[in-house]
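Enquirer: From the sequence below, what's the structure:
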Amino acid sequence: MDTSSRDDFVIAIRSAFLKKGNKQRFSLIFLIFLSLIFLALTKIDFKPINYIKISIREVVYRSSFLVSAPENYLKKTYQNIQSHFVIYNDYFEIKSEIEKLKAQKNVDQFILKENERLKKIIDDYVAESEEIVAKIIIDKDSPFLRSLIVNKGSKNNIKLGMAVLDRSYLIGKVVEVNYLTSRILLLSDLNSKIPVIIEPGSFQSILSGTGQDHGIIQYLKENYLIEESSTIYTSGAGGLFKAGIPVGKIEKNELNKENKVNFFSDFSQLRFVKIKSFTKDTD
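Expert: Here you go, the predicted model:
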């Protein structure tokens, strides 16, 4: 092939590429121009363009839904399977807890029956009357007398010696009964003395009132070691109250060596009290 033939071939290839480049440039310019026209028309309320936009949106939304449907289905299926296993495990845990509670309930019922039987043996089993809720109408507060007057009396089956409680805490006893009213002697009264038991240790003693907002433990042997914050309960001795009614906690006083008792109830804030009796069960 001579030199002139090679030059003609090169020129022909260049012409072809130039023509192709012109077509590409033309296509790009056409697309840009078409896009500008479309964007301009979108700013105008042009119904055909609006229909086209709506159609495009519908196609996009439907396509997105169809494309995402398998993924959403797999995700939901996985979550359902995972939730099933969680519920399955929770079921067995709850079932196990129920079985434990049933077993514990049987043990508790046995202990209660055994406790009742033992109390009958030691003649310390009591029957409780229904609670009578009374409202405080007079508070007789003096340095020596700590008593309350309530609006319930013999008309409401109130009797001498009945226990008076604030919630589940003992606060005193009925010492005077009239037809419509009764007088309550508080544990803080100077004349109040009740048999109590100190826990831990199960030490028997007497709780005496001081005329103030606390009581003191008396007649306790010196060799008994009372812990700080020991709890005071009624002992049931003498048949005055049933055993086990919470009264207060001991606060050690190193200055005068007294075993001061802080009552669980604040007697100055009482508005209503519960009155009930405890009698020996003869069944």
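Enquirer: Could you measure from R183 over to F241?
Expert: 18 Å (C-beta to C-beta, to the nearest Å). Placement of C-beta: from N, CA and C, glycine included.
Enquirer: So these two - more neighbours on which side?
Expert: F241 (25 against 17; other C-beta atoms under 10 Å).
Enquirer: Test my guess that the more buried one contacts Y233.
Expert: No. Using C-beta atoms under 8 Å, F241 is not in contact with Y233, being 9.7 Å away.
Enquirer: quick one, phi/psi of Q82?
Expert: phi -60, psi -40 (degrees, to the nearest 10).
Enquirer: That one - how many residues pack around it?
Expert: Look at Q82: counted by other C-beta under 10 Å, it has 10 neighbours.
Enquirer: ok, now V261?
Expert: 26.
Enquirer: element containing it?
Expert: Per DSSP states H and E: V261 is located in strand 259-263.
Enquirer: Could you spell out the sheet neighbours of the next helix-or-strand element following that strand, each with its direction?
Expert: Downstream of strand 259-263, the next assigned helix or strand under DSSP H and E is strand 272-276. Sheet pairing here is set by DSSP bridges, and for strand 272-276 it gives strand 132-141 (antiparallel), strand 163-166 (antiparallel).
Enquirer: got a markdown table for those, with mean neighbour count, distance to I111 and mean pLDDT too?
Expert: Listed next are the strands paired with strand 272-276 as a markdown table, based on neighbours: other C-beta atoms under 10 Å; distance: least, C-beta to C-beta, whole Å; pLDDT from 0 to 100:
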| stretch | mean neighbour count | distance to I111 | mean pLDDT |
| --- | --- | --- | --- |
| strand 132-141 | 14 | 30 | 83 |
| strand 163-166 | 21 | 25 | 93 |
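Enquirer: would JSON lines of the ones you listed with distance to S192 be doable?
Expert: Shown next, in JSON lines, are the strands paired with strand 272-276 (distance: least, C-beta to C-beta, whole Å):
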{"stretch": "strand 132-141", "distance to S192": "14"}
{"stretch": "strand 163-166", "distance to S192": "11"}
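Enquirer: Which one of those lies nearest to E199?
Expert: Nearest to E199 among the strands paired with strand 272-276 is strand 163-166; the distance by C-beta to C-beta comes to 19.0 Å.
Enquirer: quick one, what contacts L187?
Expert: Counting by C-beta atoms under 8 Å, 6 or more residues apart in numbering, L187 makes contact with 170-172, 194, 207, 209, 215, 247, 263.
Enquirer: And the pLDDT at it?
Expert: The score at L187 is 93. That number is its pLDDT.
Enquirer: swap in the one 5 residues further on?
Expert: In the predicted model, S192 carries a pLDDT score of 91.
Enquirer: So it sits against I184, correct?
Expert: No. Contact criterion C-beta under 8 Å: S192 and I184 do not qualify, at 10.6 Å.
Enquirer: Which one's more surrounded, those two?
Expert: I184 (26 against 20).
Enquirer: How many neighbouring residues does the spatially closest residue to D166 that is not a sequence neighbour have?
Expert: Closest residue to D166 apart from its sequence neighbours, by C-beta to C-beta, 6 or more residues apart in numbering: S265 at 4.1 Å. Here the number of neighbours of S265 (other C-beta under 10 Å) works out to 22.
Enquirer: What of L190?
Expert: 15.
Enquirer: Just list the residues touching I171, thanks.
Expert: Contacts of I171 (C-beta under 8 Å, 6+ apart): 164-165, 184, 186-187, 263, 265, 267, 270, 273.
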